[in-house]
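Participant: Next input, structure requested:
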Amino acid sequence: MTAEGCAAAILCAQLFPGDRLPLGSRQFSELLAGLKGEGMTLVGLCDGGAPDALPVTPELAERVKALILRRKEAERFISVCSEKGIDILSPADADYPARLKSSDGCPPILFIYGDRSLAGREFVGYVGTRDCDDDDLVFTRNIVAKTVARGYGVVSGGARGIDSAAEFACLECGGKVVKMTAGSLAERIAAPSVRRAAEAGNLAVMSAGSPFFNFTAGRAMERNRYIYMLASAAVVVRAHSGSGGTFSGASLCLKRGWCPVYCRSTQKPCGNGELISGGALPIDESWDGQISRKLSQRVRQIGLFDE
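Facilitator: Predicted coordinates:
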């Protein structure tokens, strides 16, 4: 765990459910910009204690000072993470995913278990509803095999159904997986199969929120966005019509242009047709897994933490 990651955690990590003091992406970005303008560093700020004057708004300055005053509590939190093998990345770390860093709204800290360098690889995001059928699962496994053969890993949310099928198929094919969880990362990594895959260097489990907090709908919606931000492309296997996390996440990606969205063309009553009408690229069983490099070079946004 780097000094930058620890400093970012002091200022941005929620220490308990409902903790509203930590900084979000925009506040953290504003602080970094102010420090840089004064030749100060985040590590120096946290190590030396908050000065009387900070190069930010008075409201943000008071918030930062309050966070530094509870540094000992934050350090105990960081120590527990370290004991469980959970690393903390900030945008200042070299292993913080470049695709995520270049996106507006990227998290100021990431919790990760496993090889931290995995998150910087090329991935296809696989998403779909939990209530899928056997045909959807077979389609998922076949398409994953094709994209892995093209050199892509899988980034997914770890939910039952499409997510889990894509992750398992990728590992079976010798690919790499990043599981972006919306639940308790600490509970996820307690599973022996997860620990084995991580120790073999084939799996990293990540969370933008506290690794000790349980699943919430809000964390799930946030997690869905990060999957698209991390991916070179995404494959939607099955989405509910007009609603649900899969449909809303894919719709937002099409609007924001985080990555190209491929969507299974099917006659089943679902929301796939609506997504295709909205700009998703239709694919079927004959798709060869080729991702257009031109398409995957998304319109670059000005990321909050870009230089």
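
Participant: can you give me how far the strand or helix carrying residue 164 is from the chain middle?
Facilitator: Using DSSP states H and E, residue 164 sits in helix 162-172. Centroid displacement of helix 162-172 relative to its chain, using Cα atoms, centre = their mean, to the nearest Å, is 17 Å.

Participant: Tell me which helix or strand comes right after it.
Facilitator: Taking DSSP H and E, what comes next after helix 162-172 is strand 177-180.

Participant: the domain parsing of this protein - what is it?
Facilitator: Per the record, the chain has its domains at 3-83, 116-296, by automatic domain parsing.

Participant: so which of those domains comes closest to residue 96?
Facilitator: Taking Cβ to Cβ, domain 116-296 is the member of those nearest to residue 96, at 7.8 Å. For glycine as for every other residue, the C-beta is placed from the backbone atoms N, C-alpha and C.

Participant: For the closest residue to residue 108 other than its chain neighbours, give me its contacts.
Facilitator: Excluding the flanking residues, the one nearest residue 108 by Cβ to Cβ, 6 or more residues apart in numbering is residue 28, at 4.0 Å. The contact partners of residue 28, taken as Cβ atoms under 8 Å, 6 or more residues apart in numbering, are 8, 11, 12, 108, 304.

Participant: After the helix or strand hosting residue 28, which helix or strand is next?
Facilitator: In the assignment (DSSP H and E), residue 28 maps to helix 25-37. Using DSSP H and E, the next helix or strand after helix 25-37 towards the C-terminus is helix 42-48.

Participant: Which positions within stretch 13-21 qualify as buried?
Facilitator: If you call a residue buried by 16 or more other Cβ atoms under 10 Å, then stretch 13-21 has these buried ones: 13, 14.

Participant: Ignore what I typed, I meant stretch 167-181.
Facilitator: Buried, per 16+ other Cβ under 10 Å, within stretch 167-181: 167-171, 173, 175-181.

Participant: just stretch 191-207 next, same as before
Facilitator: Buried residues in stretch 191-207 (16+ other Cβ under 10 Å): 194, 195, 197, 198, 202, 203, 204, 205, 206, 207.

Participant: how about the residues you listed in JSON lines, adding pLDDT, distance to residue 53 and secondary structure?
Facilitator: Conversion of those to JSON lines gives the following (pLDDT from 0 to 100; distance: Cβ to Cβ, whole Å; DSSP: H, G, I helix; E, B strand; the rest coil):
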{"residue": "194", "pLDDT": "94", "distance to residue 53": "47", "secondary structure": "helix"}
{"residue": "195", "pLDDT": "95", "distance to residue 53": "47", "secondary structure": "helix"}
{"residue": "197", "pLDDT": "95", "distance to residue 53": "49", "secondary structure": "helix"}
{"residue": "198", "pLDDT": "95", "distance to residue 53": "44", "secondary structure": "helix"}
{"residue": "202", "pLDDT": "96", "distance to residue 53": "49", "secondary structure": "coil"}
{"residue": "203", "pLDDT": "96", "distance to residue 53": "46", "secondary structure": "strand"}
{"residue": "204", "pLDDT": "96", "distance to residue 53": "40", "secondary structure": "strand"}
{"residue": "205", "pLDDT": "96", "distance to residue 53": "41", "secondary structure": "strand"}
{"residue": "206", "pLDDT": "95", "distance to residue 53": "36", "secondary structure": "strand"}
{"residue": "207", "pLDDT": "94", "distance to residue 53": "35", "secondary structure": "strand"}
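
Participant: ok, so of these, who is nearest residue 83?
Facilitator: Nearest to residue 83 among those, with distances taken as Cβ to Cβ, is residue 195, at 14.6 Å.

Participant: Correct me if wrong: that closest one contacts residue 203.
Facilitator: No. Using Cβ atoms under 8 Å, residue 195 makes no contact with residue 203, being 9.1 Å away.

Participant: start to end distance for stretch 121-129?
Facilitator: Start and end residues of stretch 121-129 are separated by 25 Å (Cα to Cα, to the nearest Å).

Participant: what do you get for stretch 224-239?
Facilitator: Per Cα to Cα, the first residue of stretch 224-239 is 13 Å away from its last.

Participant: next one: stretch 258-267
Facilitator: End residues of stretch 258-267 are separated by 27 Å (Cα to Cα).
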